[in-house]
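**Q** Take this sequence and fold it.
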Amino acid sequence: MKPQHPLNGRSLIASLLLAALVLISACSRSGPGLDIYLRTNEAALDQPASVDDRPVRFVVEPGTPARTIGQNLEQAGLIRDATLFEAFVRVNGLDGRLAAGTYTLAPSMTLREVAETMTRPQAAAVSVTIREGWRLEQAADYL
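**A** Next comes the predicted model:
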């Protein structure tokens, strides 16, 4: 009688497929995959997308996930790598601190500077002119 090996043809293929799935999920855009991606591309965190220092108005709507913010930043030419942005903010715990609002950013900012700026919401500047001679009550009523 021929001894059976613990892994026959089918179970060997199934084991290899399972191992491949585990490897793919580990290197995916979540969990340890982002940490590995961040460490591999760490030098890019301090390189700007461009030397262009013209300000760009960038809006983040409430509830926008880090992945979408990164994709929008990349499309606007403000960062080079949306996945690296996502990895940086998630691994450093900044994803929950990204604030909705309107930001003035520039392509000459590094990815790290962009991410850190977006954790500090900026108040919109409002200019108010009060007419000469008005009392405080009149100005308050006008506003």
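**Q** For the residue nearest to residue 118 when sequence neighbours are not counted, give its distance to residue 12.
**A** Spatial nearest neighbour of residue 118, chain neighbours left out: residue 98 (5.2 Å); criterion: C-beta to C-beta, 6 or more residues apart in numbering. The C-beta positions use only the backbone N, C-alpha and C, and glycine is treated the same way. Shown here: residue 98 relative to residue 12, a distance of 46 Å by C-beta to C-beta, to the nearest Å.
**Q** The two - which one has more neighbours?
**A** Shown here are residue 98 and residue 12; by other C-beta atoms under 10 Å, residue 98 has more neighbours (19 against 12).
**Q** Run through the residues that contact the more buried one.
**A** Contacts for residue 98 (C-beta atoms under 8 Å, 6 or more residues apart in numbering) come out as 60, 64, 66, 69, 89, 115, 118, 119.
**Q** Filter those residues down to just the ones in strands.
**A** In this view, the contacts of residue 98 that belong to strands under DSSP state E are residue 60.
**Q** low pLDDT regions in the chain?
**A** 1-9, 18-31, 122-127 (pLDDT under 70).
**Q** all strands for it, in order.
**A** 56-60, 101-105.
**Q** and residue 128, which of those strands is closest to it?
**A** strand 101-105 (18.8 Å; C-beta to C-beta).
**Q** Does anything pack onto the closest one? Which helices or strands?
**A** Here strand 101-105 touches strand 56-60, helix 111-117, going by 3 or more C-beta pairs under 8 Å, 6 or more residues apart in numbering; DSSP states H and E.
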